[in-house]
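K.L.:
Below: sequence and its predicted model.
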Amino acid sequence: FAVKEMSGISGDGFALDLRVPGAVLKLGKLGQDGPTLLEDLQRTWPSLRAEALRLTGTGTPARYFCRASSPSGAKPAMALLYQDVLLLAAEGEDLTPVFIPSLTSVEMDEESYALALERRGETPLVLTKLAGQTQEVLEKLQVARARLTEESLDVLSSWMPALSALQKAGLASAWPPGLLR
């Protein structure tokens, strides 16, 4: 089975469930090598799957382990943060892209060290248990959003020179590259 064709990985290391096309491949009684296999799959699968789905973003991704909210509750996940997309690999599920242009805000709850990612037309996504990297993720997301606003401002200045600076700034923040308006 090609690792890039797996659509989900879950397990505790001694038993693994690998979602392969058309079935779930259950591996059991893995012994002492099981946790190592699980760790290797968790490390390599997200980037291989992203390439297979053509979801790789711009730049070299930063890798974070966290818990991500989902309709069924929070699940352990690995996040790959590129300059323009956040890819979430929740335990047992396929990659979920969160495109940076779709974010309307990114807020940090100081008490719980949780990041709330507000998205256009979708339920908010909450990331927790980032192991001391919450501030780093927040800053990288804010930088990515600011970069998109600057890019939008450049395009608006080139294509709509008659707009005032205030109009361009308002439109640039509401119309990042990658969104139709």
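P.N.:
Nice, I can see it.
K.L.:
from here on, contacts and neighbour counts on C-alpha atoms
P.N.:
OK.
K.L.:
Let me see the contact set for residue 119.
P.N.:
By Cα atoms under 8 Å, 6 or more residues apart in numbering, the contact set of residue 119 is 102-105, 125.
K.L.:
roughly how far is stretch 97-108 from the heart of the chain?
P.N.:
Averaging C-alpha positions (Cα atoms, centre = their mean, to the nearest Å) puts stretch 97-108 9 Å from its chain's average.
K.L.:
do the same with stretch 143-150
P.N.:
Counting by Cα atoms, centre = their mean, stretch 143-150 is centred 17 Å from the centre of its parent chain.
K.L.:
sorry, back to before: any of the contacts of residue 119 buried? List them.
P.N.:
Neighbour-count burial (16 or more other Cα atoms under 10 Å) applied to those gives 102-103, 125.
K.L.:
Among these, which lie within strands?
P.N.:
Using DSSP state E, the members of the buried ones among the contacts of residue 119 that fall within strands are 103, 125.
K.L.:
Turn the buried ones among the contacts of residue 119 into JSON lines, including pLDDT.
P.N.:
Formatted as JSON lines, the buried ones among the contacts of residue 119 follow (pLDDT from 0 to 100):
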{"residue": "102", "pLDDT": "89"}
{"residue": "103", "pLDDT": "90"}
{"residue": "125", "pLDDT": "93"}
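K.L.:
Tell me the first helix or strand C-terminal of the helix ranked longest in the chain.
P.N.:
The longest helix of the chain (DSSP state H) is helix 134-159. Once helix 134-159 ends, the next helix or strand along the chain (criterion: DSSP states H and E) is helix 165-174.
K.L.:
and that following helix, which residues are buried?
P.N.:
In helix 165-174, counting by 16+ other Cα under 10 Å, buried: 168-169, 171-173.
K.L.:
Same question for stretch 7-21.
P.N.:
Across stretch 7-21, burial judged by 16+ other Cα under 10 Å covers 7-11, 13-20.
K.L.:
again with stretch 23-37
P.N.:
Those would be 34-35, for stretch 23-37 by 16+ other Cα under 10 Å.
K.L.:
what's around residue 97, how many residues?
P.N.:
18 (other Cα atoms under 10 Å).
K.L.:
What distance do you get for it to residue 53?
P.N.:
Taking Cα to Cα, to the nearest Å as the measure, residue 97 falls 10 Å from residue 53.
K.L.:
got it, and residue 4?
P.N.:
The gap separating residue 4 from residue 53 is 9 Å, by Cα to Cα.
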